[in-house]
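Trainee: Predicted model and sequence below, questions to follow.
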Amino acid sequence: MNTLNTTIAQDTSVKADTDAPRAESKPLAGKVEEGVTVGTPFADDAKFKLRNVDVFYGDNRAIKDISLDIARNEVIAFIGPSGCGKSTFLRCLNRMNDSIDSCRVTGSLQLDDVDIYDPKRDVVELRARVGMVFQKPNPFPKSIYENVAYGPRIHGLANRKAELDEIVENSLRKAGLWDEVKDRLDATATGMSGGQQQRLCIARAIAVSPEVVLMDEPCSALDPIATAKVEELIAELSESYTIVIVTHSMQQAARVSHRTAYFHLGNLVEVNETSKVFTSPDHELTESYITGRFG
Ligand SMILES: Nc1ncnc2c1ncn2[C@@H]1O[C@H](COP(=O)(O)OP(=O)(O)OP(=O)(O)O)[C@@H](O)[C@H]1O
């Protein structure tokens, strides 16, 4: 999606050429101040409006006064060193943290201007609108068909078998899997390859017609070919869905996202157009991370 010409570290353990010239010579922000994010954290057409969000696990403050908009139909990547809070923040978007007893979320989190954390909110409905794909493919130990049909069935999206069949086929097609599995829909999903399982999990997420898909390191368990297929899929899905992806791969963030958000020790340090983050970031810490000086 983005053609980049800076030196991005090949992976976070490999040091890159940090002497590469910067595209701009403007001084970089250097300090990290809680609640202060450089770049463009806000958007005109916000799907999510997140303001002054803190997340605690017991006494540990894992997210520190973060404010961010996520625009409709954008792909935004969350990057940053291990433990900086990417997954914690992602999981706030569909209340996946609710199941962790010690976890407490404060601040204002809105989806289409409605409070995500309103105690009266139906969390099952929220998670149908804001689907999730996890790091490790986690298909149910059932058939390929049943994996995709389960959600639409429990949400009452199909009245007849023919309607359900259509949803299953369309979801598998959108996930780029139909041709590979159409002749073995009754086969057990756990017998598929890892990459196929992950695309099945994506088909399962989109079968309930979500508006947003959250992806937490969706390719970390996949080989490069399966990763390329999932990345192609993200580009296709971005035409219809808002996608938030946590990734440790800067190349992946550069390939698939429109904006990139850089997290550091629970702070949201910088958000910018992805091409800018990887060519001329506004913050020193972002630059250090993308050039592989730490991470
Ligand atoms: N279930 C949990 N219980 C207690 N603390 C947690 C829990 N999950 C995360 N944390 C803590 O919250 C902080 C942020 O963790 P989180 O997993 O969100 O970071 P991350 O940036 O996604 O890391 P990684 O890239 O390693 O997955 C860390 O200090 C972590 O130890």
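Mentor: Arrived safely.
Trainee: contacts, neighbours, all on C-alpha from now
Mentor: Will do.
Trainee: so what's the backbone phi/psi at the nearest residue to N267 once chain neighbours are set aside?
Mentor: Excluding the flanking residues, the one nearest N267 by CA to CA, 6 or more residues apart in numbering is K64, at 5.4 Å. Here is the backbone geometry of K64 (degrees, to the nearest 10): phi -120, psi 100.
Trainee: Quick one: residues in contact with the worst-scoring helix or strand of the chain on mean pLDDT.
Mentor: Least confident helix or strand of the chain, by mean pLDDT, DSSP states H and E, is helix 224-237 with a mean of 90. Identification of contacts with helix 224-237 by CA atoms under 8 Å, 6 or more residues apart in numbering yields M1, K174, A175, G176, G195, Q196, R199, C219, I243, Q252, R255, V256.
Trainee: cool, stretch 48-57 as well?
Mentor: By CA under 8 Å, 6+ apart, the surrounding residues in contact with stretch 48-57 are 35, 61-71, 88-89, 102-113.
Trainee: next one: stretch 69-79
Mentor: Contacts with stretch 69-79, where a contact means CA under 8 Å, 6+ apart, come from 41-50, 86, 238-248, 250, 253, 256-263.
Trainee: if we can go back for a sec, the residue nearest to N267 against V36, yeah?
Mentor: No. Using CA atoms under 8 Å as the test, K64 is too far from V36 to be in contact (10.0 Å).
Trainee: Can you tell me the element L172 falls in?
Mentor: Assessed by DSSP states H and E, L172 sits inside helix 161-174.
Trainee: Buried residues of that helix, list them for me.
Mentor: For helix 161-174, burial by neighbour count (16 or more other CA atoms under 10 Å) applies to L164, I167, V168, E169, N170, S171, L172, R173, K174.
Trainee: That helix versus helix 224-237: what angle between them?
Mentor: Orientation of helix 161-174 against helix 224-237 (axes from the mean of the first three to the mean of the last three CA atoms, to 10 degrees) gives an angle of 120 degrees.
Trainee: Just the C-alphas of helix 161-174, formatted as CSV.
Mentor: This file holds the C-alpha atoms of helix 161-174, laid out as CSV (Å, rounded to 0.1, in the frame of the first residue of the first chain):
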residue,chain,number,x,y,z
LYS,A,161,-30.7,-23.0,5.3
ALA,A,162,-30.2,-21.5,1.9
GLU,A,163,-29.6,-18.1,3.4
LEU,A,164,-27.1,-19.5,5.8
ASP,A,165,-25.3,-21.4,3.0
GLU,A,166,-25.1,-18.1,1.1
ILE,A,167,-23.6,-16.3,4.1
VAL,A,168,-21.0,-19.1,4.6
GLU,A,169,-20.1,-19.0,0.9
ASN,A,170,-19.8,-15.2,0.7
SER,A,171,-17.7,-15.1,3.9
LEU,A,172,-15.4,-17.8,2.7
ARG,A,173,-15.1,-16.0,-0.7
LYS,A,174,-14.3,-12.7,1.0
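Trainee: can you list contacts of the helix or strand following that helix?
Mentor: Per DSSP H and E, the first helix or strand lying C-terminal to helix 161-174 is helix 178-181. For helix 178-181, the external contacting residues (CA under 8 Å, 6+ apart) are I144, E169, L172, R173.
Trainee: can you redo the residues you listed as JSON lines with pLDDT and distance to the ligand?
Mentor: As requested, the contacts of helix 178-181 are exported to JSON lines (pLDDT from 0 to 100; distance: CA to the nearest ligand atom, whole Å):
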{"residue": "I144", "pLDDT": "98", "distance to the ligand": "29"}
{"residue": "E169", "pLDDT": "98", "distance to the ligand": "33"}
{"residue": "L172", "pLDDT": "96", "distance to the ligand": "28"}
{"residue": "R173", "pLDDT": "93", "distance to the ligand": "30"}
